[in-house]
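Undergrad: Let me see the structure of the following:
(4 chains)
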2 protein chains.
Amino acid sequence: MSDVARLAGVSIKTVSRVVNDEPAVHPDTAERVMAAIEQLGFRRNLGARNLRRGSTTGTIGLIVEDVGNPFYSELNRAVERIATSFGRQVLTGSSEENSDRERELVLEFCARRVDGILVVPAGLQHGYLVPEMRAGTPVVFIDRPAGDIVADTVLVDNLGGTIEAVTHLAQHGHRRIAFLGDSPDIFTAAERLRGFREGCVRNGISYDESLVSMGTPTPDSVGDAVKRLLDGPDAATAVIAGNNRVAVHLLRALAHAERRPAMVGFDDFELADLLNPPVTVVAHDVSALGHAAAELLFARVQGDQSPPRKVVLPVHLVARGSGEVAP
Amino acid sequence: MSDVARLAGVSIKTVSRVVNDEPAVHPDTAERVMAAIEQLGFRRNLGARNLRRGSTTGTIGLIVEDVGNPFYSELNRAVERIATSFGRQVLTGSSEENSDRERELVLEFCARRVDGILVVPAGLQHGYLVPEMRAGTPVVFIDRPAGDIVADTVLVDNLGGTIEAVTHLAQHGHRRIAFLGDSPDIFTAAERLRGFREGCVRNGISYDESLVSMGTPTPDSVGDAVKRLLDGPDAATAVIAGNNRVAVHLLRALAHAERRPAMVGFDDFELADLLNPPVTVVAHDVSALGHAAAELLFARVQGDQSPPRKVVLPVHLVARGSGEVAP
DNA sequence: GGACACTATGACAACGTTGTCTCCTGCGGG
DNA sequence: CCCGCAGGAGACAACGTTGTCATAGTGTCC
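TA: So this is what the prediction gives:
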């Protein structure tokens, strides 16, 4: 900046005025300054600016499990859209479902003085956030609630969605329904399992623990579960996939099975309608999730001091075929 | 920081020494300082630190067309992985295939003094980058080359891949092959079209322009093209989808067609193997693309001054069924 | 002609850090 | 007893900006 000032023959403050479009600069002077800026390729240092102004940094942080997972990337996109409309940039990070990594990312973002943080929490302990939140960094939890603090949260109706899935299968005559879920440490997985149990109760189906398999989904783990649950005289005639990754592994495991059970997945996914049979899912609007969370965050950024809010977005069952086959 | 200093009864410089793990601080003093830090919830301001040290900001920028597209989110993930290994954070942005937006994002990132930029360029003019690059911000182009400057670039073998696709179809007896591509303004689309033409020549097929349809893929545009190209006496018996989005729309358009042509897609996608028939694709390793680009960028960040490099990653045809049906 | 308003500009401090230099204290060796 | 040296700590400037205040010049009005 001082280089520009020297070249234009003005003071550094005048350069500042020009780059900030402040009034009270003579057009001729402004033009000289602009020319100097152009010539030197000057670009103002936003870091220094933010430091001096004590203002916001114009960035927000987004932490998800894995930015490469289509579910989270759609979320990322929705968040980015809102952030852009508020003139903010987005710093992203993948926690890899590891609470230490989550913490590290959050604190790193705080040290960078992001204006706010959106997080799909991996851990259950968020006490470390208290000082940051007290210091004025708003935090909104997405898809899963905070572990041990009260904070803004946006969720989907995991319970209701899974109940709906069970009911749908029951209405098509299924009495033995299996449930394949992610690790029960994950809120959504636990909640959906709860919904499964509740759904069984409501539909007069006796809840059978031997038809439940929970755990981080891998091709092998899901394949084994399929063998175990869908074989034998007491085999399940229908199966619910607890999330999109379970669903993918399940579909692959079933591809070469002789007898295909009815199936409903939680989370919609691309091409679900083109499979054979098309996959019935409990769908929810991931964009809306990101949208709602980001809107809430920016309300906080702009000073909203109301009590922490908890938003639960609706889900709806999309019947495509796989869930409508008889036992 | 001065609050911490006051509380601990030391100078602000000593606090600095403690948070930087500098030697020559008495253990007792350090402990007092740590306690004060804990009590006040102090977190050092990285912006101020970077300003003072004149060092790197510890961030890199990544600009893609759409962070929500699985192709780019996988890229994002690969980049993030390398960035993390170099202790950097990633700022992401979606250009939406708009060159003005691309420029805006790049300049914004530069103003934030990112250590380097990875960009899937939307535009063809990159002269605006020259001052930034001269000022020391390395830039690596991903998936598409820079328009009018020489710069590091990582591409995939679009030409070879499409030739391979045509050859594959020709070997299965197809003589009338259609090509559905994205807008020809996009480098990869143009390159693949060139590969299509070259593939026809090499396989003794007369290149028929009426079997080509280029343009931003939408369900309607692809649906119309399908009707036009796959109907009538001179209809194509096989079709090549120029990228993953064309492929998805194409599959949907073909789902209810009476006669299904053979098909090969460029870009692999999840569940391609589970469709009926499974989709043959020209696959490439998106992670490797991000990996290579990020590695190259960090080499530059760390001072590599060698001439700009151009890396072309290989592709390979994955035969799954849809490309092996006879005319 | 002096008080006043207004325009255009600059000097200087401050944002929160850290690098450099200086200072103080205690200790061991001559 | 004095000197030098090392460990521990602080004063101060500087990073690149911008907010505040001051200043000089130019009309304008009574």
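Undergrad: okay, CA-based contacts and neighbour counts for the rest of this
TA: OK.
Undergrad: what's the closest residue to A:Arg176 other than its chain neighbours in contact with, if anything?
TA: Leaving aside its chain neighbours, A:Arg176 sits nearest to A:Ala236 (4.7 Å; criterion: C-alpha to C-alpha, 6 or more residues apart in numbering or on different chains). By C-alpha atoms under 8 Å, 6 or more residues apart in numbering or on different chains, the contact list for A:Ala236 reads A:Arg176, A:Ile177, A:Ala178, A:Leu211, A:Leu229, A:Leu230, A:Pro261.
Undergrad: if you skip the residues just before and after it, what's nearest to A:Glu74?
TA: B:Gly68 (4.5 Å).
Undergrad: Need the three-state assignment for the residue nearest to A:Arg176.
TA: When classified by DSSP: H, G, I helix; E, B strand; the rest coil, A:Ala236 comes out as coil.
Undergrad: how much space between it and DNA strand C?
TA: Shown here: A:Ala236 relative to DNA strand C, a distance of 59 Å by C-alpha to the nearest atom of the strand, to the nearest Å.
Undergrad: hang on, the earlier thing: from what I can see the residue nearest to A:Glu74 touches A:Val79, true?
TA: No. B:Gly68 is not in contact with A:Val79 according to C-alpha atoms under 8 Å; the separation is 10.3 Å.
Undergrad: Got the phi and psi for A:Thr14?
TA: phi -70, psi -40 (degrees, to the nearest 10).
Undergrad: Would you point out which residue of the stretch 201-327 of chain A is nearest chain B?
TA: Going by C-alpha to the nearest C-alpha, chain B is nearest to A:Leu275 of the stretch 201-327 of chain A, at 5.4 Å.
Undergrad: can you pick the most crowded of the contacts of A:Ala236?
TA: Of all the contacts of A:Ala236, A:Ala178 has the most neighbours under the rule other C-alpha atoms under 10 Å in any protein chain shown, reaching 28 neighbours.
Undergrad: What residue in the stretch 51-200 of chain A comes nearest to DNA strand C?
TA: Nearest to DNA strand C in the stretch 51-200 of chain A, going by C-alpha to the nearest atom of the strand, is A:Arg52, at a distance of 2.8 Å.
Undergrad: And the pLDDT at that residue?
TA: pLDDT recorded at A:Arg52 is 95.
Undergrad: number of nearby residues for the residue nearest to A:Glu74?
TA: 25.
Undergrad: Spit out the contact partners of it.
TA: Applying C-alpha under 8 Å, 6+ apart, we find B:Gly68 in contact with A:Pro70, A:Ser73, A:Glu74, A:Leu75, A:Asn76, A:Arg77.
Undergrad: Include pLDDT and neighbour count when you put the residues you listed into JSON lines, please.
TA: Output for those, formatted as JSON lines (pLDDT from 0 to 100; neighbours: other C-alpha atoms under 10 Å in any protein chain shown):
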{"residue": "A:Pro70", "pLDDT": "92", "neighbour count": "21"}
{"residue": "A:Ser73", "pLDDT": "97", "neighbour count": "26"}
{"residue": "A:Glu74", "pLDDT": "97", "neighbour count": "25"}
{"residue": "A:Leu75", "pLDDT": "98", "neighbour count": "26"}
{"residue": "A:Asn76", "pLDDT": "98", "neighbour count": "27"}
{"residue": "A:Arg77", "pLDDT": "98", "neighbour count": "23"}
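Undergrad: Next step: these restricted to helices.
TA: A:Pro70, A:Ser73, A:Glu74, A:Leu75, A:Asn76, A:Arg77 (DSSP state H).
Undergrad: Next, please give the residue ranges for the strands of chain A.
TA: With DSSP state E as the criterion, chain A has strands at A:59-64, A:89-94, A:117-119, A:139-142, A:152-156, A:177-181, A:212-214, A:238-241, A:262-266, A:280-283, A:310-313, A:316-318.
Undergrad: what about the third one and chain B, any contact?
TA: If I follow you right, that is strand A:117-119. No. Counting by C-alpha under 8 Å from any C-alpha of the partner chain, chain B has no neighbours in strand A:117-119; the shortest distance is 13.9 Å.
Undergrad: Give me every residue in the stretch 201-327 of chain A lying close to DNA strand D.
TA: Within the stretch 201-327 of chain A, no position lies close to DNA strand D (C-alpha under 7 Å from any atom of the strand).
Undergrad: Could you tell me which residues of the stretch 201-327 of chain A lie near chain B?
TA: Taking C-alpha under 8 Å from any C-alpha as the contact definition, the stretch 201-327 of chain A meets chain B at A:Val248, A:Leu251, A:Arg252, A:Ala255, A:Leu271, A:Leu274, A:Leu275, A:Asn276.
Undergrad: hmm, try it at 10 Å
TA: Within the stretch 201-327 of chain A, the positions near chain B by C-alpha under 10 Å from any C-alpha of the partner chain are A:248-249, A:251-252, A:254-255, A:270-278, A:287.
Undergrad: Could you count how many residues lie near the residue of the stretch 151-300 of chain A at minimum distance from DNA strand C?
TA: Per C-alpha to the nearest atom of the strand, A:Arg300 is where the stretch 151-300 of chain A lies closest to DNA strand C, at 20.5 Å. Counted with other C-alpha under 10 Å, the neighbours of A:Arg300 add up to 21.
Undergrad: Excluding chain neighbours, what is closest to it?
TA: In space, A:Arg300 is closest to A:Pro138, 6.2 Å off (C-alpha to C-alpha, 6+ apart).
Undergrad: list the residues that contact both of B:Gly68 and A:Val79?
TA: Residues touching both B:Gly68 and A:Val79 (C-alpha atoms under 10 Å, 6 or more residues apart in numbering or on different chains): A:Ser73, A:Ser287.
Undergrad: Near DNA strand C, which residues of chain A are found?
TA: Checking chain A against DNA strand C by C-alpha under 7 Å from any atom of the strand, the hits are A:9-14, A:23-30, A:48-49, A:51-54.
Undergrad: isn't A:Pro277 right up against A:Gly323?
TA: Yes. With contact defined as C-alpha atoms under 10 Å, A:Pro277 counts as touching A:Gly323 (9.1 Å).
Undergrad: the more surrounded of the two?
TA: A:Gly323 (28 against 19).
Undergrad: list the residues that contact both of A:Pro277 and A:Gly323?
TA: Contacts common to A:Pro277 and A:Gly323, judged by C-alpha under 10 Å, 6+ apart, are A:Ala262, A:Met263.
Undergrad: Return the residues in contact with whichever residue of the stretch 201-327 of chain A sits closest to DNA strand D.
TA: Nearest to DNA strand D in the stretch 201-327 of chain A, going by C-alpha to the nearest atom of the strand, is A:Gln302, at a distance of 17.7 Å. Residues in contact with A:Gln302, defined by C-alpha under 10 Å, 6+ apart, are A:Asp115, A:Leu296.
Undergrad: List, one by one, the residues from the stretch 51-200 of chain A near DNA strand D.
TA: Counting by C-alpha under 7 Å from any atom of the strand, the stretch 51-200 of chain A sits next to DNA strand D at A:Leu51, A:Arg52, A:Arg53.
Undergrad: any idea how far the last one is from chain B?
TA: When C-alpha to the nearest C-alpha, to the nearest Å is applied, the distance between A:Arg53 and chain B equals 12 Å.
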